[in-house]
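Participant: Everything below, folded, please.
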Amino acid sequence: MAPTATSETEALHVTEHSVTVAASAAAVYALVADVTGWPQVFGPTVHVEVLEEAPADGGDQLLRIWAVAGDKVRTWTSRRFLDPAARTITFRQVVTAAPVAAMGGEWRIQELEDGTTRVTLLHDYRAVDGDPAAEELIERAVDTNSRAELLALKNTAEQGDAREELHFTFSDSETVFGAAGDVYAFLERADLWPERLPHVARLDLTEDEPGIQHMDMDTRSPDGSTHNTTSVRVCFEDRDVIVYKQLRVPVAMAGHTGRWVIESLGDGTVRATSWHTVTLDPEGVRTALGPEATLAEARALVRRSLGTNSSTTLRHAKQFAEEARAQQP
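Facilitator: Next comes the predicted model:
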């Protein structure tokens, strides 16, 4: 008997996207393999957690991924098989998010004779109940994200050694004589920041679902001007951690991700830390700071600006938590 049209094989849709990158195949493969760096490389990716790590010479890896698809943040669990020798990475979602019933694919990274690299990204997918409207939605999301990811991969890989100067991470911390839950509550309730924080002029917050937040924020600069950013946050209340990604960044930046981490010190105090990871945009730096501006100057400016706001937020969170403790009977 021939397979029916409703079988998984018949219902799978297959797409292929590709790009040529002026970088070595080894460098391109390393960027695709290192999922912890994806939020800085790929625009749609908000956060990735490695649940099971692959051996150094390749093998299975289990991930949980949060990414923007359309106007929502979706999360799923995927298993990847890394083959460094062949420079291929296959992936399959093991826990999907509706309307996706099945999703998988493969990265193929091929070195070309002229020293460039051909990257091919394959997807196969199936919608829940074969719904045509859902299939169209998935197709658009796969096409949009695949094109964006390949362009971002190309741009990042072609930075070469300059990426080390463009990419940096820093943190600020406060020690709090208070409960981790109170610090977390202050940071999680960003909708209240305009009344609580002097540098937040306006903030609109919406949630796709509890713990997944969209923020549209106007921030005051020391000179009185305001700038707008939009961000997505994923809140882990059970771990007292909030991770975020800015979707609209200032002109000097190509990417900005961060996280708030609250750790118990075991003596009745907690440490609240704000981490930032930034990738500068060289053209944006010259546009924002002038044609003679250096990346070192831009790094210092970004460090000071982001650090000042984070430290202000941490000090207010500290005050909030310590006052809450003082009011306990």
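
Participant: mind listing the helices for the stretch 201-329 of the chain?
Facilitator: Taking DSSP state H, counting those that start in this stretch, the helices of the stretch 201-329 of the chain run over residues 282-289, 295-326.

Participant: Redo those as a markdown table? Include mean pLDDT.
Facilitator: A markdown table is the format used below for those (pLDDT from 0 to 100):
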| stretch | mean pLDDT |
| --- | --- |
| helix 282-289 | 90 |
| helix 295-326 | 95 |
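
Participant: quick one: which of these is nearest Asn145?
Facilitator: helix 282-289 (23.1 Å; Cβ to Cβ). All C-beta spots, glycine's among them, are computed from the backbone N, C-alpha and C.

Participant: Pull out the CA atoms of the closest one and give them to me as CSV.
Facilitator: Extracted C-alpha coordinates of helix 282-289, given in CSV (Å, rounded to 0.1, in the frame of the first residue of the first chain):
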residue,chain,number,x,y,z
PRO,A,282,32.8,49.7,13.2
GLU,A,283,30.7,51.8,10.8
GLY,A,284,28.3,52.6,13.5
VAL,A,285,31.1,53.7,15.8
ARG,A,286,32.3,56.2,13.1
THR,A,287,28.8,57.4,12.6
ALA,A,288,28.1,57.9,16.3
LEU,A,289,31.5,59.2,17.4
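
Participant: Helix 295-326 and that helix, what's the angle between them?
Facilitator: 80 degrees (axes from the mean of the first three to the mean of the last three Cα atoms, to 10 degrees).

Participant: So which bits of helix 282-289 are buried?
Facilitator: Neighbour counts over helix 282-289 (16 or more other Cβ atoms under 10 Å) mark 282, 284-286 as buried.

Participant: What is it packed up against?
Facilitator: On a contact count with 3 or more Cβ pairs under 8 Å, 6 or more residues apart in numbering; DSSP states H and E, helix 282-289 meets helix 295-326.

Participant: circling back: tell me which of the helices of the stretch 201-329 of the chain sits nearest to Leu62.
Facilitator: Ranking the helices of the stretch 201-329 of the chain by their distance to Leu62 (criterion: Cβ to Cβ) puts helix 295-326 first, at 31.9 Å.

Participant: Mind giving me the packing neighbours of that closest one?
Facilitator: The contact analysis (3+ Cβ pairs under 8 Å, 6+ apart) places helix 295-326 against strand 167-176, helix 180-188, helix 193-196, strand 270-280, helix 282-289.

Participant: Is it possible to get TSV of these that adds distance to Val68?
Facilitator: Below are the helices and strands packed on helix 295-326 laid out as TSV (distance: least, Cβ to Cβ, whole Å):
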stretch	distance to Val68
strand 167-176	21
helix 180-188	20
helix 193-196	22
strand 270-280	18
helix 282-289	21
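
Participant: Tell me which of the ones you listed approaches Ser78 most closely.
Facilitator: If we rank the helices and strands packed on helix 295-326 by Cβ to Cβ, the stretch that ends up nearest is strand 270-280, at 22.3 Å.

Participant: how distant is that closest one from the center of its chain?
Facilitator: 14 Å (Cα atoms, centre = their mean, to the nearest Å).

Participant: so what strands line up beside that strand?
Facilitator: The pairing partners recorded for strand 270-280 under DSSP bridges are strand 167-176 (antiparallel), strand 253-264 (antiparallel).
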